[in-house]
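Undergrad: sequence below, structure please.
(chains A, B, C and D)
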There are 2 protein chains.
Amino acid sequence: MKYTVAFMKRYGQACAIARALDVVGERWSLLLVRELTFGPRRYRDLATGLPGIPSNVLTGRLKELQAAGVVTRRALPAPTDVTVYELTGAGRALQPILDDLLDWGLRYGPEPSQDDAGQPGWALLGGVGRPSALPEGQTCELRVGLEGFYLSSDAGKLTVRRGPAPDGDAVVTMPADTLYSLVTGQTTVTDAVRHSTVNGDTEIARRALEPLAAALTRPAPNN
Amino acid sequence: MKYTVAFMKRYGQACAIARALDVVGERWSLLLVRELTFGPRRYRDLATGLPGIPSNVLTGRLKELQAAGVVTRRALPAPTDVTVYELTGAGRALQPILDDLLDWGLRYGPEPSQDDAGQPGWALLGGVGRPSALPEGQTCELRVGLEGFYLSSDAGKLTVRRGPAPDGDAVVTMPADTLYSLVTGQTTVTDAVRHSTVNGDTEIARRALEPLAAALTRPAPNN
DNA sequence: CGGAATCCTCTTCGATACTG
DNA sequence: CAGTATCGAAGAGGATTCCG
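TA: Sure thing, here's the model as predicted:
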């Protein structure tokens, strides 16, 4: 049995940017972190959230990121008996980098291709951190296809996690297309709600969805 | 002759983060952008600023980044007859990403190794954008080893470019070690000036160097 | 001499098959 | 379900050669 953990070749530069890239600069690494931003996930979830990643590469990246202290592997308590991967503090601290990459990609990135893969979670990425009028403590569950999220507000900013809302004040079930239209600015919150099924407080739902509106519109290039 | 420009395999995801990484996610790409942050550079400068990069990889990355609109290639006017590479608007827009990577690398990155390469320019990266008390229009030239920079202030924030200061109000010649001590917080501005040769207005020099002080200190981990 | 392009080797990636 | 194993293809690393 081989114990070799395949570390990427270091740049060997006494520069903090290079040292950061020593850890997260490899192919797939930052996308793997992206997949963990809404909470812990299992190996299988990660594999489907990263379409095209070979299983050996996923395993390798998980090992490297664990060695670097970005990700931890944890076994959930007894009955479920399932192991999940989740971000450490250092991993959560990568969020600003992902946010900036998202902004840059929207403005300057290549046009998305017609047959690119899409996932509901990716549509929510642009909304986190935006101002939310959702009262503290109120939560809204959002169901899109087979995936569920819950939206809440922390210090006036939208927070998204995976899973059912613990105390959902509203449950919105929305087609994926409607969600994409909403975040790309082609649909208003009002229209998105109209195309959804809402259980519970519609006003809460409306406020929870508000930060998602046009969150992924491509800003006008300024040069 | 082959016209194939070796494009990195795209992730094929309809996610702005993935599309950004399609452009700048390859090995060396962001470091190449880093090398251009202080202004245009020649092929040779880039090669020495990226120790270890094979020449074919450098050529390839330059082509890809040009194709993506991040970098332009330009021939300097007649007498010099030299071609340089420089950032476009899209390339300069990558700055926040580099800044965040730098912050993250300082706090969570691997310890720098003893035999890592070091360059004066890398030491200045942490200072740009910091508040500067340098009066608008005043500039200070900083010479470290064979490399020269000029520091100025734009809207109260430090700006760094390569080359001699056009109208230098002060010229500071500093040993590389002193610069590293300054940015890592082991030396104060006063001590750094004491170990340097200053021509011109010492007060201007002091104010120009101020934002560099402790710019690359590793922040205390908060968990 | 600066600015690349070419070889060649070796590692990593991608795709698929396989196992505890 | 959560990974290993295998193998061809692609890309990185290093040195050398070419060209204007």
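
Undergrad: just checking, what packs against the helix or strand containing A:Leu158?
TA: Here A:Leu158, judged by DSSP states H and E, is contained in strand A:157-162. Strand A:157-162 sits against strand A:147-154, with contacts defined as 3 or more CB pairs under 8 Å, 6 or more residues apart in numbering or on different chains; DSSP states H and E. Backbone N, C-alpha and C define where each C-beta goes, glycine included.

Undergrad: quick one: residues in contact with the strand holding A:Leu158.
TA: For strand A:157-162, contacts defined as CB atoms under 8 Å, 6 or more residues apart in numbering or on different chains pick out A:38-39, A:41, A:121, A:124, A:127-132, A:134, A:147-153, A:208, A:211-212.

Undergrad: do the same with stretch A:194-203
TA: By CB under 8 Å, 6+ apart, the residues outside stretch A:194-203 that reach it are A:168-175, A:178, A:187, A:193, A:205.

Undergrad: quick one: mean pLDDT for that stretch?
TA: Mean pLDDT, computed over stretch A:194-203, is 96.

Undergrad: report the buried residues of that stretch.
TA: A:196, A:198, A:201 (16 or more other CB atoms under 10 Å in any protein chain shown).

Undergrad: how about those residues in TSV, adding secondary structure?
TA: As requested, the buried residues of stretch A:194-203 are arranged in TSV below (DSSP: H, G, I helix; E, B strand; the rest coil):
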residue	secondary structure
A:Ser196	coil
A:Val198	strand
A:Asp201	coil
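
Undergrad: between these, which is nearest DNA strand C?
TA: DNA strand C lies nearest to A:Ser196 out of the buried residues of stretch A:194-203, by CB to the nearest atom of the strand, at 34.9 Å.

Undergrad: now the closest one: how far from A:Asn56?
TA: Distance of A:Ser196 to A:Asn56, given as CB to CB, to the nearest Å: 40 Å.

Undergrad: what does A:Ala18 give?
TA: When distance is defined by CB to CB, A:Ala18 is 26 Å away from A:Asn56.

Undergrad: the more surrounded of these two?
TA: Higher neighbour count among A:Ala18 and A:Asn56: A:Ala18, with 25 against 9, using other CB atoms under 10 Å in any protein chain shown.

Undergrad: isn't the more buried one right up against A:Lys9?
TA: No - the pair A:Ala18 / A:Lys9 is not scored as a contact, 11.8 Å apart, by CB atoms under 8 Å.

Undergrad: residues near A:Pro110, how many?
TA: By the criterion of other CB under 10 Å, A:Pro110 has 15 neighbours.

Undergrad: ramachandran coordinates for the residue in chain A that DNA strand C sits nearest to?
TA: Closest to DNA strand C within chain A is A:Pro54: 3.4 Å, counting by CB to the nearest atom of the strand. Per-residue torsions, A:Pro54: phi -70, psi 150 (degrees, to the nearest 10).

Undergrad: and the gap between it and B:Asp22?
TA: Distance from A:Pro54 to B:Asp22, by CB to CB: 18 Å.

Undergrad: who has more neighbours out of those two?
TA: The residue with more neighbours, out of A:Pro54 and B:Asp22, is B:Asp22; 20 against 11, by other CB under 10 Å.

Undergrad: and that one, what is it in contact with?
TA: A:109-110, B:8, B:10-11.

Undergrad: so which of these wins on neighbours?
TA: Counting neighbours by other CB under 10 Å, the top entry in the contacts of B:Asp22 is A:Gly109, with 24 neighbours.

Undergrad: near DNA strand D, which residues of chain A?
TA: Counting by CB under 7 Å from any atom of the strand, chain A comes close to DNA strand D at A:1-2, A:9, A:42-45, A:54-56, A:59, A:62, A:73, A:82-83.

Undergrad: let's see if you can find the most crowded of the residues you listed.
TA: A:Leu62 (18 neighbours).

Undergrad: excluding its backbone neighbours, what's nearest A:Tyr150?
TA: With sequence-adjacent residues excluded and distances taken as CB to CB, 6 or more residues apart in numbering or on different chains, A:Tyr150 is closest to A:Ala165, at 3.6 Å.

Undergrad: where does the one you found land in three-state SS?
TA: Using three-state DSSP, the three-state assignment for A:Ala165 comes out as coil.

Undergrad: for whichever strand or helix holds A:Arg74, C-alpha coordinates in PDB please.
TA: In the assignment (DSSP H and E), A:Arg74 maps to strand A:71-75. Extracted C-alpha coordinates of strand A:71-75, given in PDB (Å, rounded to 0.1, in the frame of the first residue of the first chain):
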ATOM      1  CA  VAL A  71     -11.400  20.500   4.700                       C
ATOM      2  CA  THR A  72     -12.200  18.000   7.400                       C
ATOM      3  CA  ARG A  73     -13.700  14.600   7.100                       C
ATOM      4  CA  ARG A  74     -16.200  13.700   9.700                       C
ATOM      5  CA  ALA A  75     -18.500  10.700  10.400                       C
END
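
Undergrad: neighbouring strands for it, and are they parallel or not?
TA: strand A:83-87 (antiparallel) (DSSP bridges).

Undergrad: I'd say A:Cys15 and B:Leu125 touch.
TA: Yes - the criterion here is CB under 8 Å, and A:Cys15 meets it with B:Leu125 at 7.1 Å.

Undergrad: what do those two both touch?
TA: Common neighbours of A:Cys15 and B:Leu125, counting by CB under 8 Å, 6+ apart, are B:Arg34.

Undergrad: ok, the two, which is more surrounded?
TA: Legend: neighbour count by other CB under 10 Å for A:Cys15 and B:Leu125, higher for A:Cys15 (27 against 22).
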